[in-house]
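K.L.:
this is the structure alone, sequence omitted:
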């Protein structure tokens with residue numbers, strides 16, 4: 001994948017041989033990839049292939065069983081949750097809010 005129109009350059013996310021599973025079922029195995037700043041990526045795959053697990057790992061909601069993740073030049077495990085939340089947000093597709101908030105307000109709340 002190439003990102004030709006990025007205004008800023010450099011690596012934002014670096015995944016090095018990341019592995020994760022649920023119980024005895026591996027979902028992500030020996031996955032390495034580099035996500036560059038300013039680029040837009042899509043994650044495609046069939047149900048159960050690890051798309052949501054990958055996003056949860058990137059957001060720090062899950063911890064890799066093997067390998068490592070670096071965000072903005074720093075290992076993800078060294079980020080404090082509050083500091084990471086200022087930089088990274090995830091709005092799941094099945095998110096329900098029982099209050100009258102706009103999309104902007106929900107995203108700003110993290």
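P.N.:
Thanks, I have the structure now. Just so it is clear, the structure is predicted and the values come from calculations on it, not from any experiment.
K.L.:
just the strands in the protein please.
P.N.:
Taking DSSP state E as the test, the strands found in the chain are 11-22, 25-36, 66-71, 74-75.
K.L.:
buried set for the second one?
P.N.:
To tie it back to what came earlier, the one meant is strand 25-36. For strand 25-36, a neighbour-count test (16 or more other Cβ atoms under 10 Å) marks 27-28, 31, 36 as buried. Backbone N, C-alpha and C define where each C-beta goes, glycine included.
K.L.:
quick check, nearest of these to residue 72?
P.N.:
Nearest to residue 72 among these is residue 36, at 12.0 Å by Cβ to Cβ.
K.L.:
ok, the closest one to residue 12 distance?
P.N.:
6 Å (Cβ to Cβ, to the nearest Å).
K.L.:
now do the lowest-mean-pLDDT helix or strand in the chain: distance to the chain's middle.
P.N.:
Ranking every helix and strand in the chain by mean pLDDT, DSSP states H and E puts helix 103-109 at the bottom, with a mean of 81. Mean-position distance between helix 103-109 and its chain equals 18 Å (Cα atoms, centre = their mean, to the nearest Å).
K.L.:
returning to what we had before: nearest to residue 109, of the strands of the chain?
P.N.:
Comparing those by Cβ to Cβ, strand 66-71 comes nearest, at 20.8 Å.
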